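Asks: coords please:
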Amino acid sequence: MPDDGYFRWFDSARSGCGWTDRLIGTGGWVLTAVVLTSAAVAEAASLRRAPPIKFPHETDSNSPAEWIDGQMYLFNSAGHPYRSWGTNLIELSRTVAVTFDDQVNGGRWLEATCRNSDGILYGWYHNEPHGLCPGNTLTAPQIGALRSTDNGAHWTDLGIILRARDGTLRCDARNGYFAGGHGDFCVTLDPMRQHLYLFLSTYAGELTEQGITMAQMDWADRDAPGGKVWKWWQGAWQAPGLGGNVTPIFLATVAWERSDCESFWGPSVHWNSGLGKYVMLLNRAKGAGWVQEGIYLSYSTNLADPLSWSAPEKLLRGGAWYPQVIGLESGTGTDKIAGKVARFFMGGKSDYEIVFQDERTQPEEIALERTGNVAVFSWPAALTNFTLVCSSNPSEGNWLKVTNSAHVVDGLLRLTNDLSSLTQSLFFRLERLGSGSPDPDLR
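Replies: Below you'll find the predicted structure:
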């Protein structure tokens with residue numbers, strides 16, 4: 001059995017999940033009482049309608065939040081950051097542009113913040129320099145660091161800390177915005193406050209260098225971060241942040257320089273206290289203009305291991321850019337910490353709460369019995385709010401309902417199938433009925 005959170009079979013004849021024929025490979029064995037939720041992907045998230053909330057200022061990036069002295073501070077950016085504050089997410093006001101101690105070429109989007117125990121607030125920004133490609137407006141973003149001693153009203157620029165590999169600028173790129181670069185990111189500080197982890201979108205280089213990658217910095221270097229950030233490359237934190245190579249943790253499907261580009265981008269990571277895991281929200285672009293194909297979720301328990309992140313699962317078809325959460329817990333809930341229920345934002349607007357459910361707390365035990373060419377799925381009949389679904393590619397999130405009829409036998413729902421001609425992997429799981437919003441665009 002693969003340890004990827006699903007049952008795997010092989011089917012040469014069907015791309016859908018009517019599943020009227022063809023499942024497993026070699027015969028002669030019986031597999032029983034296999035717990036579906038024992039592997040890496042054991043979570044479910046759903047969206048439910050909530051009264052609308054809109055961030056106080058125009059939003060074109062991730063929007064970090066901090067609790068300081070009983071007040072929530074929120075930063076929204078659309079080329080320049082604005083700070084708002086209030087007693088809670090609903091009461092944010094007093095929106096004012098922040099100031100910097102310098103001027104840079106191009107705009108700055110403040111995408112991440114982290115407050116140290118001494119009260120100093122650190123920030124990280126996405127910068128889009130002008131004039132890189134004569135004859136068009138394409139740019140190549142880079143990532144810089146900031147420091148504030150007045151809760152983010154004024155910032156000292158600590159310089160650029162992440163830049164794409166030299167020689168990768170593609171001024172003939174046809175995605176509509178970028179000719180390369182690193183940007184659209186978030187950061188997470190580990191619980192021991194020893195290492196800062198950056199999750200970033202990489203738009204530069206060969207296809208094998210594009211997608212979502214990570215970088216690491218010792219927290220002790222936060223006041224002088226230049227040259228102290230290391231990208232994940234070939235299994236280690238060993239490539240320099242400025243100009244070094246990268247190895248993506250989620251690889252682009254079609255290169256960013258193409259008009260039919262297809263890739264995850266714009267990660268937003270938070271610690272979910274309800275799950276006891278880190279959760280990453282992702283955009284997925286498909287085509288020039290970065291058409292939003294969907295919004296995805298990934299999970300991990302280990303920030304230090306980029307390979308620990310689960311295969312992204314689709315939460316929402318379409319949607320808007322910059323999905324993120326804001327936790328609802330007074331004094332702690334932000335873009336970095338949330339509980340079982342949080343507000344779900346896209347592009348600075350929230351019409352939904354997102355509800356996280358650790359499926360391991362449910363008795364979803366699914367068993368498979370096989371004799372010769374007959375395979376039988378079974379799971380507790382009490383789970384009337386679950387149905388069997390399958391997918392040929394879980395990372396795409398295209399889960400389809402298995403349409404065979406299930407019958408109750410000895411307290412179990414049993415579904416029987418005949419097997420033959422097996423060459424293509426299929427994955428199966430139980431899915432909660434009615435998960436998500438009733439809106440047709442939700443999974």
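
Asks: sec struct for residue 73, please.
Replies: Classification of residue 73 using DSSP: H, G, I helix; E, B strand; the rest coil returns strand.

Asks: I'd like to know how many residues surround it.
Replies: Counted with other CB atoms under 10 Å, residues neighbouring residue 73 total 22. C-beta: built from backbone N, CA, C; applies to glycine.

Asks: before we move on, what about residue 92?
Replies: 23.

Asks: thought it was touching residue 75?
Replies: No. If you go by CB atoms under 8 Å, residue 92 and residue 75 don't touch, sitting 10.8 Å apart.

Asks: can you pull out the helices in the stretch 101-250 of the chain?
Replies: Counting by DSSP state H, counting those that start in this stretch, one finds no helices in the stretch 101-250 of the chain.

Asks: quick revisit: list the residues that contact both of residue 92 and residue 75?
Replies: residue 84 (CB atoms under 8 Å, 6 or more residues apart in numbering).

Asks: Below-threshold pLDDT in this structure: ranges please.
Replies: Along the chain, segments meeting pLDDT under 70 span 1-43, 359-366, 368, 370-375, 382, 392-398, 410-411, 417-428, 433-443.

Asks: excluding its backbone neighbours, what's nearest residue 326?
Replies: In space, and not counting its chain neighbours, residue 326 is closest to residue 343: 4.8 Å by CB to CB, 6 or more residues apart in numbering.

Asks: Just list the residues touching the one you found, thanks.
Replies: By CB under 8 Å, 6+ apart, the contact set of residue 343 is 50, 53, 89, 325-326, 328, 350, 352-354.

Asks: same thing but 7 Å
Replies: Residues near residue 343 by CB atoms under 7 Å, 6 or more residues apart in numbering: 53, 89, 325-326, 328, 350, 353.

Asks: Return the member of those residues nearest to residue 233.
Replies: residue 325 (29.6 Å; CB to CB).

Asks: The closest one - how many residues pack around it?
Replies: 28.

Asks: Kindly report the same for residue 53.
Replies: 16.

Asks: The helix or strand containing it: what's the following helix or strand?
Replies: Per DSSP states H and E, residue 53 falls inside strand 43-54. Going down the chain from strand 43-54, the next helix or strand is strand 65-68, by DSSP H and E.

Asks: That following strand: which residues count as buried?
Replies: Judged by neighbour count using 16 or more other CB atoms under 10 Å, the buried positions of strand 65-68 are 65-67.

Asks: repeat for stretch 102-119
Replies: 104, 107-115.

Asks: can the contacts of residue 343 go into CSV with extra columns for distance to residue 162 and secondary structure?
Replies: Output for the contacts of residue 343, formatted as CSV (distance: CB to CB, whole Å; DSSP: H, G, I helix; E, B strand; the rest coil):
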residue, distance to residue 162, secondary structure
53, 31, strand
89, 30, coil
325, 24, strand
326, 25, strand
328, 32, coil
350, 29, strand
353, 33, strand
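
Asks: Which one (most neighbours) among those?
Replies: Busiest of these [other CB under 10 Å] is residue 325, holding 28 neighbours.

Asks: What residues does that one make contact with?
Replies: 270, 335, 338, 342-344, 354.

Asks: let's see it at 8 Å
Replies: By CB under 8 Å, 6+ apart, the neighbours of residue 325 are 268, 270, 279, 281, 335, 338, 342-345, 354.

Asks: quick check, nearest of those residues to residue 293?
Replies: Nearest member of the contacts of residue 325 to residue 293, counting by CB to CB, is residue 281, at 14.3 Å.

Asks: Can you list the buried residues in the helix or strand where the closest one lies?
Replies: Per DSSP H and E: residue 281 is located in strand 277-286. Buried positions in strand 277-286, judged by neighbour count with 16+ other CB under 10 Å: 277-285.

Asks: That strand - contacts with which helices or strands?
Replies: Packing partners of strand 277-286 (3 or more CB pairs under 8 Å, 6 or more residues apart in numbering; DSSP states H and E): strand 43-54, strand 262-272, strand 292-300, strand 323-327.

Asks: Most tightly packed of these?
Replies: With neighbours defined by mean count of other CB atoms under 10 Å, none of the helices and strands packed on strand 277-286 is more surrounded on average than strand 323-327, at a mean of 26.

Asks: Restricting to C-alpha, output that one in PDB.
Replies: Presented in PDB, the C-alpha positions along strand 323-327 are these (Å, rounded to 0.1, in the frame of the first residue of the first chain):
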ATOM      1  CA  PRO A 323      -6.800  32.900  -0.600                       C
ATOM      2  CA  GLN A 324      -6.000  33.100   3.100                       C
ATOM      3  CA  VAL A 325      -7.500  32.700   6.500                       C
ATOM      4  CA  ILE A 326      -7.800  35.000   9.500                       C
ATOM      5  CA  GLY A 327      -8.300  33.200  12.800                       C
END
